[in-house]
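K.L.:
fold the following.
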Amino acid sequence: MKIGRKAVSLFWAAVVLAIVLLTWFGLAVAYPDIASVRYFPDRLFRLVKTVMGTDPLGSALESPDVPWQLIVAKLLVTLVLIRGLMKIVGSVFRDNVTQLRVMFKKHPTVIVGAGRKGRRIAADLRERHHESAVIIERAAGAGDAARVAPLRREGHLVIAGDATSQPVLKSAGAHRARRVICFAQEQKTGIQVAGLVRELWSARGDLRGETCDCHVHLDNPQLVDLFRSHVQAEMQPVRVHFFNLHKMVARSLFERFPKELAPALMNGARRVRVDLIGFGQEAQAILVQGLRVLHLGLPDGVQWHVWVDASTAGKARQTLAARHPMADHIADIRFHGSDAHYRALVDDAFACPEDTLQIVICAHPGDEDNISAAAELLQAVPNARFPVFARCADIDGLPALLAGTQPRLRLFGNLADFCTVEMICGEQQDRIARAIHADYVGLAQGTASESDAYKSGWADLGEDARDANRAQADHIAYKLMAVQGDVTRIDGEVLEFLAMTEHQRWAAHRYLNGWRYGAERDDERRTHPSLLPWFELSEAEREKDRDAVRRLPQLLGLSGRPAPAANPVPQTFEEEPPVGTSASNVQG
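P.N.:
Numbering: from 1, shown residues only. Below you'll find the predicted structure:
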């Protein structure tokens with residue numbers, strides 16, 4: 001029969017307690033006078049010696065007339081010995097001590113993985129919520145002391161083991177946890193953890209209305225829908241939530257763009273050029289988010305230039321075409337091979353027309369590569385006006401110094417901003433998106449809507465439907481640029497302009513999800529009759545987009561978020577290149 005960690009910990013705790021009790025009372029039998037207060041220091045001293053392996057009867061009781069100074073000194077020595085004993089016990093029986101401490105945590109927060117992201121979550125939990133976490137780390141041995149030791153010093157409990165093992169999860173208290181956050185390196189680990197946590201809770205017979213939220217990070221957003229439909233198939237006390245950090249970073253980045261865009265748009269910019277350096281998972285999320293929200297009603301639209309290693313340009317182009325085959329209907333996307341000095345990009349920057357707003361985004365997987373690329377470009381084109389955004393997971397040290405000396409350098413993606421309990425568990429970024437969805441459901445009550453799949457509660461929505469609400473929410477800041485942040489100015493030509501850009505945004509989301517034009521709507525074949533340029537839409541369809549714009553004040557009020565101030569932007573009221581009929585293509 002296999003003995004669990006909990007049973008082993010209880011056994012050794014009982015052994016130590018037995019030693020203490022037997023010695024304490026045994027001394028009273030051997031030395032009757034030791035029970036008095038006068039001999040308490042000597043009794044405590046002998047007790048500690050016993051636990052440390054020496055004979056408590058090795059010497060007679062001290063003389064009653066020993067000076068008080070020696071008694072105090074002996075008491076202090078005893079305290080030092082106790083401190084040393086605790087260190088020894090903590091080192092030798094660390095796992096058992098940790099296990100006992102976990103047993104006394106009623107509703108712990110369990111974090112799977114002690115990597116950078118897991119450590120950030122633990123730090124936020126301690127700093128903002130004054131709570132220690134139980135952290136499961138596969139490699140928590142002596143070689144990982146530099147990573148694990150600080151967590152233990154902060155009061156967190158680290159369990160060494162494989163989180164895909166049910167006994168390990170149970171020993172970490174996952175069967176009674178308030179929340180489980182999984183930042184495992186492999187996606188399958190997160191899925192397995194979610195399933196095992198559900199099994200542990202299902203085996204409990206005394207739930208008493210308790211629930212657990214299990215948050216799992218998935219690198220591939222396309223897997224979110226698949227696994228959400230699986231885990232939400234039955235009503236269970238464990239609610240599983242999937243999130244994608246790359247998407248969160250991308251959404252946050254484009255929240256900053258209106259401030260960069262407004263001055264240039266005021267000066268009559270006709271197009272926006274975005275140079276994206278890198279095409280890893282983060283860069284792909286940035287491109288997709290940009291295709292979703294960067295719709296400004298400009299005469300010449302938005303151009304995307306993706307810079308990758310020359311040997312991988314073809315593969316990067318194929319990756320985009322495979323995941324988003326209709327992306328070329330949204331914007332002009334071009335892939336380029338580049339060298340370490342980005343000479344071709346620099347040449348393009350010198351040749352960039354005055355009426356073009358250029359933005360560079362460095363989104364390599366590594367911080368050092370992004371800082372190097374940003375520094376290279378800033379040095380090569382020192383007098384240019386375009387900003388350079390560099391992804392930095394840890395914004396301190398050299399990155400912070402560079403940002404302070406380079407006014408055109410913008411850092412983004414700091415893990416400290418995203419690896420927080422509110423951001424991951426509270427879905428902080430989705431506040432307005434939730435309000436938009438609730439508003440839609442309220443309006444659709446009692447009506448025969450063609451979008452019944454969008455009428456369920458937020459928790460049951462597919463990722464496609466959630467992203468539709470998120471994209472509409474994320475585009476609000478861009479609409480507010482047109483009215484200087486004052487939603488009461490939305491009328492007349494401004495309303496028409498914003499309705500047109502709203503249609504562009506809506507169509508872009510559909511195209512990203514594989515939809516195309518069709519005379520009739522067919523959800524299975526993903527065809528829609530409204531995937532047409534603005535001026536080819538019926539008046540009834542245009543009115544839907546106008547209504548979406550008119551409801552901005554209500555949506556901002558429902559979300560509890562005031563309209564942000566924005567700089568005034570003159571309107572051109574020219575139609576953006578027709579979505580779905582433009583000549584722009586994904587080019588090599």
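
K.L.:
burial of Ala519, as a residue count?
P.N.:
Here the count is done by other CB atoms under 10 Å, and Ala519 has 8 residues near it. Heads up, the C-betas are built off the backbone N, CA and C, glycines and all.

K.L.:
try Tyr517
P.N.:
17.

K.L.:
how about the contacts made by Cys214?
P.N.:
Contacts here follow CB atoms under 8 Å, 6 or more residues apart in numbering; on that basis Cys214 touches Arg179, Val180, Cys182, Val193, Ala194, Val197, Arg198, Val238, Arg239, Val240, His241.

K.L.:
got the buried residues for the strand or helix carrying it?
P.N.:
Assigned by DSSP states H and E, Cys214 falls within strand 212-217. Residues Cys212, Cys214, His215, Val216, His217 are the ones in strand 212-217 that count as buried (16 or more other CB atoms under 10 Å).

K.L.:
from those residues, which is closest to Gln379?
P.N.:
His217 (36.0 Å; CB to CB).

K.L.:
gap between that closest one and Ile111?
P.N.:
In this view, His217 and Ile111 are 11 Å apart by CB to CB, to the nearest Å.

K.L.:
next: Pro529.
P.N.:
From Pro529 across to Ile111, the span is 48 Å (CB to CB).

K.L.:
ok, Arg521 next?
P.N.:
Arg521 is 44 Å from Ile111, where distance means CB to CB.

K.L.:
pick out whichever of these two has more residues nearby.
P.N.:
When Arg521 and Ile111 are compared for neighbours, Ile111 comes out ahead with 29 against 15, by other CB under 10 Å.

K.L.:
looks to me like that one is in a helix.
P.N.:
No. With DSSP: H, G, I helix; E, B strand; the rest coil as the criterion, Ile111 is strand rather than part of a helix.

K.L.:
quickly list what it is bridged to.
P.N.:
Under DSSP bridges, the beta-bridge partners of Ile111 are Ile135, Ile181.

K.L.:
who's in contact with it?
P.N.:
Counting by CB under 8 Å, 6+ apart, Ile111 makes contact with Gly118, Ile121, Ala122, Ala133, Val134, Ile135, Ile136, Val180, Ile181, Cys182, Phe183.

K.L.:
Phe254 sits in which helix or strand?
P.N.:
Assigned by DSSP H and E, Phe254 belongs to helix 245-255.

K.L.:
buried ones in that helix, by neighbour count?
P.N.:
Neighbour-count burial for helix 245-255 [16+ other CB under 10 Å]: Leu245, His246, Lys247, Met248, Val249, Ala250, Arg251, Ser252, Leu253, Phe254.

K.L.:
wait, the last one sits on Asp474?
P.N.:
Yes. Using CB atoms under 8 Å, Phe254 is in contact with Asp474, at 6.4 Å.

K.L.:
need the overlap of contacts for those two.
P.N.:
Common contacts of Phe254 and Asp474, defined by CB under 8 Å, 6+ apart, comprise Gln289, Val293.

K.L.:
which parts of the stretch 51-200 of the chain are strands?
P.N.:
Counting by DSSP state E, counting those that start in this stretch, the stretch 51-200 of the chain has strands at residues 109-112, 134-137, 157-160, 179-182.
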